[in-house]
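Peer 1: Have a look at this fold, sequence not included:
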């Protein structure tokens, strides 16, 4: 198993995209199935954003000050996703806004993933190199172990943003 930070994040992205496709393919009258898929989406996104906020973003910002604007935009995109996840977790699957809110979450996260993979990751890979990305990835694997699994749990976004901005 690779410990390259970008490889690990892309694996998360692949899993998240699959969950999004599963939700979209579930159909109109699949309330219970959609609820289970959304639970998996919420867990995957909660863990993923925690790892990026706690480990990847601070490391990249410290090592590559020229991508600070990208990091700050990513924090804000995570904030939007966190808010949507918390709201979605509070809805019942038969709520009339459940599917719509999930769709908005999917659209926002898909945009974020595309930006990271197409614009951000290539810059980071070129500037940091394999060894540094493996070091960051090893740290990410450790951070993942203590990551919250549900959006209702206190997240680290505010703490992480405040620490980076301090």
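Peer 2: Cool, got the structure. Owing to the predicted nature of the structure, the values given are computational and were not obtained by experimental measurement. Residues are numbered from 1 along each chain as shown.
Peer 1: can we go C-alpha only for contacts and neighbour counts from here?
Peer 2: OK.
Peer 1: for whichever helix in the chain runs longest, which positions count as buried?
Peer 2: Counting residues, the longest helix found in the chain (DSSP state H) is helix 121-145. Neighbour-count burial for helix 121-145 flags 121, 124, 132-134, 136-140, 143-144 (criterion: 16 or more other Cα atoms under 10 Å).
Peer 1: And stretch 75-83, by the same measure?
Peer 2: For stretch 75-83, burial by neighbour count (16+ other Cα under 10 Å) applies to 75, 77-79, 81-82.
Peer 1: The closest residue to residue 22 other than its chain neighbours: which element?
Peer 2: Spatial nearest neighbour of residue 22, excluding adjacent residues (Cα to Cα, 6 or more residues apart in numbering): residue 37 at 7.2 Å. Applying DSSP states H and E as the criterion places residue 37 in helix 31-51.
Peer 1: so what does the very next helix or strand once past that helix touch, helix or strand wise?
Peer 2: Sequence order places helix 57-63 as the next helix or strand after helix 31-51, per DSSP H and E. On a contact count with 3 or more Cα pairs under 8 Å, 6 or more residues apart in numbering; DSSP states H and E, helix 57-63 meets helix 68-90, helix 121-145.
Peer 1: Could you tell me the least trusted of the ones you listed?
Peer 2: When the helices and strands packed on helix 57-63 are ranked by mean pLDDT, helix 68-90 comes last with a mean of 92.
Peer 1: okay, the angle between that one and helix 31-51?
Peer 2: Put simply, helix 68-90 runs at 150 degrees to helix 31-51, going by axes from the mean of the first three to the mean of the last three Cα atoms, to 10 degrees.
Peer 1: Name the residues that touch helix 68-90?
Peer 2: Here helix 68-90 makes contact (Cα atoms under 8 Å, 6 or more residues apart in numbering) with 39, 42, 46, 49, 53, 57, 60-61, 98, 101-102, 105, 108-109, 112, 120, 151-152, 157, 161.
Peer 1: Swap in 6 Å and give it another go.
Peer 2: 61, 151 (Cα atoms under 6 Å, 6 or more residues apart in numbering).
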